[in-house]
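what shape does this take:
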Amino acid sequence: MKNYFRGSYCGLAMVLTMTIILSSCITDESSLDQPLDPNTTLERATDYPEAFSLENLRMDSETNKMLAGLRAATAKYHRIEVAMEDGYVLPDGSGCVSTPSGGMGYHYVNFAALDGEYDPTMPEALLYEMDKNGQMKLVGVEFVIVADAWDAENEMIPYFGMQEFDKAFPPAPLPFRNYQLHVWVWKHNPNGIFTMFNPNVTCE
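Prediction:
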């Protein structure tokens, strides 16, 4: 942002003014209707307006661009039947994941995609929250990369833009060493878009 407005005091003042205005208006229940990338048209954007504009002011442009690509690629999965047609299933015995500090919801996993490959537009799991009418609502995604397979071909841990993946070790939550990252692209997480648990997601 500093580079973009370098040499333009008026531009910087405008951004600071808008940031103050947004800060005074946004709450945990706010719904912002601007896409992450204004040049990207997203399916059903008016029905799922979580764009987190204030957070994006602090995020680098490359990560923002990748988030826009992820939203565009997963927009169709607001229809859970489409996700299931593409191979995402709720594992046997799997339920809604929640803790006192926040929830993750239901994990629909594409087991065919669980390997050492990383595609930032194709998450291995989709995160759903059940609404009061019993309908599943897409709230986020989770990337899961088999660490041994990834390490055999790469020297560095995977990143989503500038965000490093979390490291997870067996026996929990998976029986193999893996790199994982939760991305709340469809429901605002006040603790951060890459934070594991979302206090706005519940299992109630």
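
okay, strands next: where are they in the protein?
For the chain, applying DSSP state E gives strands covering 97-99, 102-109, 125-130, 136-146, 159-160, 163-164, 166-168, 178-183.

low-confidence ranges, the chain, go.
1-57 (pLDDT under 70).

and the residue most central in space within it, how close does it get to Ala147?
Central residue of the chain (CA atoms, centre = their mean): Val183, 2.1 Å from the mean position. Using CB to CB, to the nearest Å, we find Val183 at a distance of 19 Å from Ala147. Any C-beta I mention is one placed from the backbone N, CA and C, and that applies to glycine too.

run a quick neighbour tally on Ser61.
13 (other CB atoms under 10 Å).

could you check how far it is from Lys132?
38 Å.

any chance you could map the helices in the protein?
Secondary structure of the chain (DSSP state H): helices at 9-25, 53-56, 61-74, 80-85, 147-153.

thought Asn84 was touching Tyr108?
Asn isn't right for residue 84; it's Met. Yes - Met84 lies in contact with Tyr108 (CB atoms under 8 Å); the separation is 7.5 Å.

neighbour-wise, which of the two wins?
Taking other CB under 10 Å, Met84 and Tyr108 do not tie; Tyr108 has more neighbours (24 against 14).

my guess is that one meets Glu124, correct?
No - contact criterion CB under 8 Å: Tyr108 and Glu124 do not qualify, at 10.1 Å.

tally of neighbours for Ser94?
When neighbours are counted by other CB under 10 Å, Ser94 comes out with 12.

ok, it - contacts?
Residues in contact with Ser94 (CB atoms under 8 Å, 6 or more residues apart in numbering) are 106-107.

show me what Ala125 is bridged to.
The partner list for Ala125 in beta bridges (DSSP bridges) reads Val109, Glu142.

neighbours of the nearest residue to Gln180 once chain neighbours are set aside, just the number please.
Setting aside the residues directly before and after it, Gln180 is nearest to Val144 in space (CB to CB, 6 or more residues apart in numbering), at 4.9 Å. If you count neighbours by other CB under 10 Å, Val144 ends up with 24.

got a list of what Val144 touches?
Contacts of Val144 by CB under 8 Å, 6+ apart are 109, 114, 124-125, 174, 178-180.

would you format those residues as TSV with neighbour count and distance to Gly161 included?
TSV is the format used below for the contacts of Val144 (neighbours: other CB atoms under 10 Å; distance: CB to CB, whole Å):
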residue	neighbour count	distance to Gly161
Val109	19	23
Leu114	17	22
Glu124	24	18
Ala125	23	19
Leu174	14	24
Asn178	24	20
Tyr179	21	15
Gln180	19	16
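
tell me which two of those sit farthest apart.
Val109 and Tyr179 (15.6 Å; CB to CB).

got the contact list for the closest residue to Glu153 other than its chain neighbours?
Spatial nearest neighbour of Glu153, excluding adjacent residues (CB to CB, 6+ apart): Gly116 at 6.6 Å. Going by CB under 8 Å, 6+ apart, Gly116 touches 145-150, 152-153.
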